[in-house]
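>>> from the sequence below, what's the structure:
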Amino acid sequence: MKRHLQLSIKQLSTCYAEGSISPGLVVDHSLDDAVKLKHLNAFIRLSPEKSLHQAKESNYRYENKKPLGILDGVPIAIKDNFCTKDLNTTCASKMLANFVPPFNGTVCERLLTAGAVLIGKTNMDQFAMGSGTVDSIFGPTKNVWSRDLSDGKWHITGGSSGGSATAVAAGICYAAIGSDTGGSTRNPASYCGVVGLKPTYGLVSRHGLIPLVNSMDVPGIFTRSVSDCVDVLNAIAGPDAKDSTTLRKPFRNINIPHFGDIDLRNIRIGIPKEYHCEGLSEEVLETWMKVADLLEDGGAHVQQVSLPNTAASIFVYSILNQCEVASNMARYDGIEYGHRADNESSTEELYAKTRAEGFNTVVKTRILTGNYFLLRKNYQKYFEKALRVRRLISDDFKRVFETPQDGENVVDVLLTPTTLTDAPLYSDFVSLSNRDQCAVQDFCTQPANMAGVPAISIPIRLSQRGLPIGLQLMSRSLNEEMLLRVASWIESQVEFDALANEQIYAARS
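You can find the predicted model right below:
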């Protein structure tokens, strides 16, 4: 194992400043590993020329004692639905296979401004519609924890940001950006044994993120540790004049103390009973209860709470998702950009053939279903009713975090499973329809998107099959600091990263 891969971002930055290692060498190693591990299919496209140029500039800044910040020279990857100037952004689709944006999305721009080195764009489900990273035109991404990578015997990464999760889990880069609409960061983070954060809706700009569901999309962060996650969040969060949905309040950098300085005695942890649901594996349940006991032994007040509308959330999410998909996908008509069908005699035929060729079955199905829900005769029956239930789901979170009913106590953080099981085999996963896959895999994650609250998945242990099991923490809006403090404390108790080093990276030495 390359020694620098065991370092945190802060430690790597210190090594750069001391001159014991250079950004150029680390970026070389990252690109080399990306090529050696191409069988995992984590990347759609590498950008070696840009990466090496950025690393050279970082070298110069450190030599002159003028680094741009803690991320200067740190290799990162970005999901291929974020616009990157002069670098293809495909959404893993035929429709955008040749699309080269003329600008950087805000998240990408802020990372580059902080000196981070972009090594490439990561694989994903087409237009982020999936929970396995198996529906890309570039092929599926394979989970680095799989013992057998032969046909159908490997485990999925989760999705839709599976390429970003794999890039971090495999040690190719220190951090990666994904998107999270219903769990697309937390789901693959759990399956791949890394940290995955979905910030509060509006805390991080969506400008340059190709939209799936505007009211739920949030840029997400993958790292190997909570500390690294904080460093990336501090670089990308805050208001953006280019995105009217970002919060206007200035962002104050988060500082997480060493876990030994985190006092749990005044922190209240809620265990939502509705998340003990059908399909939850015994191993995940056991892990959930053990961490709850750890928190209680550490001084936290742990209590059961109720989020009564949780069971309805997957149906509400499905309706609202497909309605917004139908609206957002209408822009892909073959006229302004993207794929364009040949030799059509009318505008209507051009639209129809372009969309038939450019979208896969999953995307076309969601477009058709969404348009059905939005028909005048169905609008109140489906869309408006789903919006009302979404408000009830949001109110559930507000009640447990802010305004409890009689006999209840306010809690600071909710502890739940992230996924119901460890990573399924590819052959088992693809036997289900895309809708069924998402209904099962996103049960615990998508309520946070409908409420707009922050959530994080952290790796806890390995299952009997040798696959990661993660748990999810959620808190009230803009309470990232509390969320990350509790996550950091749990991380220090379970010490999963040391296990990951031993199990994965040692095997690659």
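>>> quick check: chain neighbours aside, which residue is closest to the residue positioned nearest the centre of the chain?
With distances taken as CA atoms, centre = their mean, T185 lies nearest the centre of the chain, 1.8 Å away. In this structure, T185 finds its nearest non-sequential neighbour in G220, 2.9 Å apart by CB to CB, 6 or more residues apart in numbering. No exception for glycine: its C-beta is placed from N, CA and C like everyone else's.
>>> how about S313?
Of all residues not flanking S313 in the chain, P447 sits nearest, at 4.5 Å (CB to CB, 6+ apart).
>>> ramachandran coordinates for that neighbour?
Dihedral pair for P447: phi -60, psi -40, per degrees, to the nearest 10.
>>> where does pLDDT dip in the stretch 101-250 of the chain?
Within the stretch 101-250 of the chain, no range satisfies pLDDT under 70.
>>> would you map the helices across it?
Remark: helices assigned in the stretch 101-250 of the chain by DSSP state H, counting those that start in this stretch are 106-113, 162-169, 186-192, 226-236.
>>> quick check, T418 in contact with P188.
No. The criterion here is CB atoms under 8 Å, and T418 misses it with P188 at 9.9 Å.
>>> the more surrounded of those two?
P188 (40 against 30; other CB atoms under 10 Å).
>>> ok, that one to K290 distance?
Per CB to CB, to the nearest Å, P188 is found 23 Å from K290.
>>> ok, back up a step: how about the contacts made by the residue nearest to S313?
Contact analysis of P447 by CB atoms under 8 Å, 6 or more residues apart in numbering lists L307, T310, S313, I393, D396, F397.
>>> helices - which of those residues land there?
T310, S313, I393, D396, F397 (DSSP state H).
>>> follow-up on the earlier one: let me see the contact set for the residue nearest to the centre of the chain.
Contacts of T185 (CB under 8 Å, 6+ apart): S161, S164, A165, G178, S179, G196, L197, K198, G220, I221, F222, S457.
>>> between which two of the residues you listed is the distance greatest?
S179 and S457 (14.7 Å; CB to CB).
>>> of those two, give the one with the bigger neighbour count.
S457 (35 against 25).
>>> so which bits of the helix or strand hosting that one are buried?
Using DSSP states H and E, S457 falls within strand 455-462. Residues of strand 455-462 classed as buried: A455, I456, S457, I458, P459, I460, R461, L462 (neighbour count, 16 or more other CB atoms under 10 Å).
>>> what mean pLDDT does the very next helix or strand once past that strand have?
With elements assigned by DSSP H and E, the helix or strand that comes after strand 455-462 is strand 468-475. Averaging pLDDT along strand 468-475 yields 98.
>>> can you pull the contacts of L7?
C15.
>>> would you mind measuring from it to N88?
Distance, L7 to N88, by CB to CB: 31 Å.
>>> and if you look at T354?
From T354 over to N88 the distance is 19 Å, taken as CB to CB.
>>> who has more neighbours out of these two?
Counted by other CB under 10 Å, T354 and N88 do not tie: T354 has more neighbours, with 21 against 16.
>>> which pLDDT value belongs to the nearest residue to the more buried one once chain neighbours are set aside?
Once flanking residues are discounted, T354 sits nearest to G334: 3.3 Å by CB to CB, 6+ apart. For G334, the model assigns a pLDDT of 88.
>>> ok, now I262?
On the pLDDT scale, I262 gets 83.
>>> number of nearby residues for the residue nearest to it when sequence neighbours are not counted?
Once flanking residues are discounted, I262 sits nearest to W489: 4.7 Å by CB to CB, 6+ apart. When neighbours are defined as other CB under 10 Å, W489 has 23 of them.
>>> again, but for D293
11.
>>> who's in contact with H53?
Contacts of H53 by CB under 8 Å, 6+ apart: none found.
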